[in-house]
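Q: Quick one, structure for this:
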Amino acid sequence: MNLQIHGNHIEVTPALRDYVAGKLARIERHFDQVIDASVQLTVEKVRQRAEITLRLRGNNIHVESVEEDMYAAIDTLVDKLDRQVLRHKDRIKNHQSGTLKRQPETQQSQ
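A: Below you'll find the predicted structure:
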């Protein structure tokens, strides 16, 4: 997985870079078909924002989180991203196995 980390009004220190990479390792354990990840860390007065765009085969997932602490924002971001990736993985599995449940069609009276 290619990982790009950008900072807006913040210097991306090696400690911050290692923290993000370590947290994203959890995503790779659940789903190994990640092509590219772009992380944007932003500081706005008292708010710390972390955003990620994850490129997967055939899909992009974008998640953002806003907290008062950058590390808390990254933790929340990875939790949200983990749920989205697992949901995407289930969709692929259901589509490939053909077990996607269809809604019963309603008949309209004429």
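Q: Neighbours of residue 67, how many?
A: 16 (other C-beta atoms under 10 Å). In short, each C-beta sits where N, CA and C put it, glycine included.
Q: from what I can see it touches residue 79, true?
A: No: between residue 67 and residue 79 there is no contact under C-beta atoms under 8 Å: 11.6 Å.
Q: Give the residues shared as contacts by those two.
A: Residues touching both residue 67 and residue 79 (C-beta atoms under 8 Å, 6 or more residues apart in numbering): none.
Q: OK, contacts around the residue most central in space within the chain?
A: For the chain, the residue sitting closest to the mean C-alpha position, by C-alpha atoms, centre = their mean, is residue 81 at 3.1 Å. Residues near residue 81 by C-beta under 8 Å, 6+ apart: 27, 52, 54, 61, 63.
Q: Specify which member of the residues you listed is nearest to residue 6.
A: residue 52 (10.8 Å; C-beta to C-beta).
Q: Which strand residues bridge that closest one?
A: Here residue 52 sits in beta bridges with residue 39, residue 63, as judged by DSSP bridges.
Q: which ones are touching it?
A: 37, 38, 39, 40, 62, 63, 64, 77, 81.
Q: Now stretch 76-83: buried residues?
A: For stretch 76-83, burial by neighbour count (16 or more other C-beta atoms under 10 Å) applies to 76, 77, 78, 81, 82.
Q: pLDDT averaged over that stretch - what is it?
A: In this model, stretch 76-83 has an average pLDDT of 95.
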